[in-house]
Each structure stands twice: as C-alpha cells, then as structure tokens.
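> Return atomic coordinates for the entry below.
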Amino acid sequence: MKANPIKAVDVYGLLPIIPSNIPFAGNGPFGSVCGTQENSGLVPDKPFGLFNFSPLCEAHDKCYECDGGESRVGCDLNFASDAASKVCVKYALIPGLYSSCVSTASFYSLILIIVGEKAFEEARAGCPDGDCE
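Residues are numbered from 1 along each chain as shown. Sure thing, here's the model as predicted:
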C-alpha cells in the first residue's frame, strides 16, 4: 500500500485550530512585529498559530528605545517574564501546550540574549545626551 493513513493523523489535535488562511505574502507567514527589520518575516509573531507574542515583541521594541528606561538586560528579562505571565499562563491547564509555550518563550529569550545587542545599540544610538544604558 502506498497510502499510509496513520501518517496523516493529527495526533496532537492541533490541526483544526491552526488557521488555514495564514498569509504568505509580504512578510511571510510570520507577521512583521517580532524580530528586526531584516528578519521579521522569519520570526513568528504567533508561533504554532497559538502563542501570540506580538504584544510582547512590541513592548520589547519600545523598551529598547531611548525612552524605554531599562537596560538591555532589563528589557530582555521583561520579555521572558511577560511571556510566562501574560501568554503562557493561558495554557496552564493544558500541560502539553503550556510546556510548548514556555519552551518557545525561552527560545525567544535566549535568541534576544545572544543576538539582541546590535538591535539595542541601534535603537539607542540616537539617544540625547548619551543617556543610554
């Protein structure tokens, strides 16, 4: 038999809740909020169609700006904390989704720590009076 129906089964039950009309034009299927201008089309704003990180990414971007007031580390830690308390907490009663959300948020936070320095420096480059952290 060439057809294998077992391979076509959605064992996690996620297929029906992932939108079928995800746009593939413009910034790709991932949106334009999370990531830098250069890579925003590669970084999902809503990973797996479930975890909406868009508001967190917007807040993180504002934190990096001159009037953000936080250090880079503070901005990055706020992202991680907000991911757990504002996004992942919605899935607390669904262990598989909760752990997936926390893992995804941890990965985003790790990437911020590893490659966020350039974006932070560019955002703070025009700060008046050198009042940047």
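
> C-alpha only now, for contacts and for neighbours.
OK.

> so what secondary structure elements neighbour the lengthiest helix in the chain?
Longest helix in the chain, counting residues (DSSP state H): helix 95-124. Secondary-structure packing of helix 95-124 (3 or more Cα pairs under 8 Å, 6 or more residues apart in numbering; DSSP states H and E): helix 54-64, helix 72-82.

> right, and those helices - which one's nearest Cys127?
With Cα to Cα, the closest approach to Cys127 among those belongs to helix 54-64: 10.9 Å.

> now that closest one against helix 72-82, angle please.
Put simply, helix 54-64 runs at 160 degrees to helix 72-82, going by axes from the mean of the first three to the mean of the last three Cα atoms, to 10 degrees.

> which residues sit against helix 54-64?
The set of residues external to helix 54-64 that reach it, using Cα atoms under 8 Å, 6 or more residues apart in numbering, is 33-35, 45-46, 68-72, 75-76, 78-79, 82-83, 119-120, 123-124.

> For the protein, which residue occupies the most central location?
The geometric centre of the chain, computed from its C-alpha atoms, lies nearest to Phe53 (Cα atoms, centre = their mean), at 4.5 Å.

> Surely it and Lys86 touch.
No: using Cα atoms under 8 Å, Phe53 is not in contact with Lys86, being 9.4 Å away.

> could you point out where this protein is predicted with low confidence?
By pLDDT under 70, the weakly predicted segments of the chain are 1-30, 129-133.

> Just the buried subset of the contacts of helix 54-64, please.
Using 16 or more other Cα atoms under 10 Å as the burial test, those include 33-35, 45-46, 68, 70, 72, 75-76, 78-79, 82-83, 119-120, 123-124 as buried.
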